[in-house]
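coords below, sequence missing:
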């Protein structure tokens, strides 16, 4: 299976990290490092957000995807352990092993319109489902390794895999091929836009794509060459915001296809996860710098160091408690209090 440059980069980072994690939770005020692509404002200093970390019970589980559930908890995948975890707002973690035989590496996870949590497996070529009580539903089989997954406007779950965009709501899977002329394309992140379409990243082709609920695809080139666009999320401003792993930027694309890019202050930050926060800002992880970043809809960026220097934060989501929650590759779930 073809690997992206960001996979190679993160593998090197992970090799330098410490696999063992100490027990319990820790809470440290994160001192902000503020930077903006425009002139600084005369407003007061940015707030100090408290970051709390919770140890995942299974050692070397490699927490990865994360999403808020309809049950008021936060759910996450354990890529190496082949499990799905649940953490309450108070930090109590429960883990659920998957049923599939063979190699099971759950990646992305999202709350579905049916109230369950849906997740992708790569490798495994599966779409799985788990109820909020922890019951695993036998997975659906798709045509290739699945990357990301999101809820669509049509009641389906939409996902990305090699060369295609797929959709399902149980029972059947429909897949749409990326148009010819995109050599080596592997759609990655996917999110529902304010225009009712699904928007996705295409790292190998260096494009941002749009697909209608009927399967019509349009793609827009990212201005920075070899930027490797990865995760994408809908912003509170009606635009889509995305990560440029190799470009070291945060991108914004309007529903009309106009792209603006903002440089991440930290060099080689290897940003990865991105999500809209309840505070009206966009939040993202910096896996190579062990920071959580915040960007306003105007493009001003503030960075907050994660307490542990080898955390390797991956994905991030807005929690049902009004805070941001994120996974740490080296074995913890983090919470940043707003």
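Right, received. Where do you want to start? Small disclaimer: the values here were computed from a predicted structure and weren't measured. Numbers count the residues shown, from 1 in each chain.

mind telling me what element the residue nearest to residue 127 when sequence neighbours are not counted is part of?
Of all residues not flanking residue 127 in the chain, residue 140 sits nearest, at 4.5 Å (C-beta to C-beta, 6 or more residues apart in numbering). Every residue, glycine included, has its C-beta placed from N, CA and C. Here residue 140 sits within strand 136-141, counting by DSSP states H and E.

check which helices and strands the helix or strand following that strand sits against.
For strand 136-141, the following helix or strand on the C-terminal side (DSSP H and E) is strand 146-151. Taking 3 or more C-beta pairs under 8 Å, 6 or more residues apart in numbering; DSSP states H and E as contact, the helices and strands that strand 146-151 lies on are strand 106-111, strand 117-121, strand 126-130, strand 157-161, strand 190-192.

lowest average pLDDT across those?
Of all the helices and strands packed on strand 146-151, mean pLDDT reaches its minimum on strand 126-130 (a mean of 89).

and of the helices and strands packed on strand 146-151, who's closest to residue 313?
strand 106-111 (15.7 Å; C-beta to C-beta).

quick one: that closest one to chain centroid distance?
Put simply, strand 106-111 sits 9 Å off its chain's centre (C-alpha atoms, centre = their mean, to the nearest Å).

can you show me the strands along the stretch 151-300 of the chain?
157-161, 164-168, 173-177, 190-192, 198-202, 207-211, 217-221, 229-234, 240-244, 249-253, 259-263, 271-276, 282-286, 291-295 (DSSP state E, counting those that start in this stretch).

with mean neighbour count and distance to residue 51 added, can I get these in CSV?
Shown next, in CSV, are those (neighbours: other C-beta atoms under 10 Å; distance: least, C-beta to C-beta, whole Å):
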stretch, mean neighbour count, distance to residue 51
strand 157-161, 26, 30
strand 164-168, 21, 35
strand 173-177, 16, 39
strand 190-192, 22, 25
strand 198-202, 27, 27
strand 207-211, 22, 30
strand 217-221, 17, 35
strand 229-234, 24, 20
strand 240-244, 28, 20
strand 249-253, 23, 20
strand 259-263, 18, 23
strand 271-276, 25, 15
strand 282-286, 28, 12
strand 291-295, 25, 7
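
for residue 304, which of these is the nearest?
Comparing the strands of the stretch 151-300 of the chain by C-beta to C-beta, strand 291-295 comes nearest, at 4.8 Å.

next, the angle strand 282-286 makes with the closest one.
Relative orientation of strand 291-295 versus strand 282-286 (axes from the mean of the first three to the mean of the last three C-alpha atoms, to 10 degrees): 150 degrees.

right, and residue 154 touches residue 213 too?
Yes - applying C-beta atoms under 8 Å, one finds residue 154 in contact with residue 213, separated by 4.7 Å.

still on that earlier bit, what pairs with the strand holding residue 140, parallel or antiparallel?
strand 126-130 (antiparallel) (DSSP bridges).

give me the contacts around the partner strand.
75, 84, 96, 98, 100, 104, 106, 112, 116-121, 136-137, 139-142, 146, 149, 157, 159, 168, 170, 173 (C-beta atoms under 8 Å, 6 or more residues apart in numbering).

try it again with 10 Å
69, 75, 77, 83-84, 86, 96, 98-100, 104-106, 109, 112, 114, 116-121, 135-142, 145-146, 149, 157, 159, 161, 166, 168, 170, 173 (C-beta atoms under 10 Å, 6 or more residues apart in numbering).

please pick the buried ones from those.
When the contacts of strand 126-130 are checked for burial by 16 or more other C-beta atoms under 10 Å, the buried set is 69, 75, 77, 83-84, 86, 96, 98, 100, 104-106, 109, 112, 116-121, 136, 139-140, 142, 145-146, 149, 157, 159, 161, 166, 168, 173.

wait, residue 169 touches residue 159, no?
No - judged on C-beta atoms under 10 Å, residue 169 makes no contact with residue 159 at a distance of 11.7 Å.

which neighbours do those two share?
Contacts common to residue 169 and residue 159, judged by C-beta under 10 Å, 6+ apart, are 118, 152.

for residue 167, which residues make a bridge with it?
residue 158, residue 174.

that one contacts residue 161, doesn't it?
No - the criterion here is C-beta under 10 Å, and residue 167 misses it with residue 161 at 11.4 Å.

who touches both of the two?
173, 175.

and the gap between residue 83 and residue 312?
19 Å (C-beta to C-beta, to the nearest Å).

repeat for residue 202
For residue 202 relative to residue 312 (C-beta to C-beta), the value is 25 Å.

residue 195 now?
From residue 195 over to residue 312 (counting by C-beta to C-beta), the distance is 34 Å.
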